[in-house]
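**Q** Got a predicted structure plus its sequence, pasted below:
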Amino acid sequence: MSHRPANLSEKLSTFSEYWSPKIVSHYNDNDVMVVKVKGAFQWHQHDDTDDFFLVLKGTLRIEMRDGDVTLQPGELFVVPKGVEHRPVAEEEVHLLLIEPKGLPNTGDEATAATKVAI
């Protein structure tokens, strides 16, 4: 394990693809990831865990069946477990995500994006 800080801007500069989370660190049994997003992700829910979003750059709208939440840089939102949601970014957005290790980011292995360590 490295004893160096993870520079999030530096990590984000190493890739350009959207909706492809990159693991930058681990926290207990969680993956700490950065991701670039643009457009709309699919509707999904996590039955056993909350979903953590922290906006680093851009504006993210999280659509939920009972209303939307809009996040600006420096704002975070946790979607409670079992709540169906869909992240939407009109322009490129950079996010910090925290998810349990091995958890599919859609709650379903068949539709999940692959997490890669960088």
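**A** Now that the structure is in, tell me what you want to look at. Numbers count the residues shown, from 1 in each chain.
**Q** For K57, give the beta-bridge partners.
**A** Beta-bridge pairing for K57 (DSSP bridges): H94.
**Q** Next up, the contacts around the most centrally placed residue in the chain.
**A** Taking CA atoms, centre = their mean as the criterion, L97 is the residue nearest the geometric centre of the chain, at 3.9 Å. L97 is in contact with P21, D31, V32, M33, V34, V35, F52, F53, L54, N105, counting by CB atoms under 8 Å, 6 or more residues apart in numbering. All C-beta atoms are positioned from the backbone trio N, CA, C, and that covers glycine.
**Q** Test my guess that the second one contacts E99.
**A** Yes: with contact taken as CB atoms under 8 Å, D31 and E99 are classed as touching, separated by 5.4 Å.
**Q** Do a quick rundown of the helices in this structure.
**A** Under the criterion DSSP state H, helices of the chain are mapped to 8-12.
**Q** Any regions of it where pLDDT drops low?
**A** For the chain, the stretches flagged by pLDDT under 70 are 1-2, 103-115, 118.
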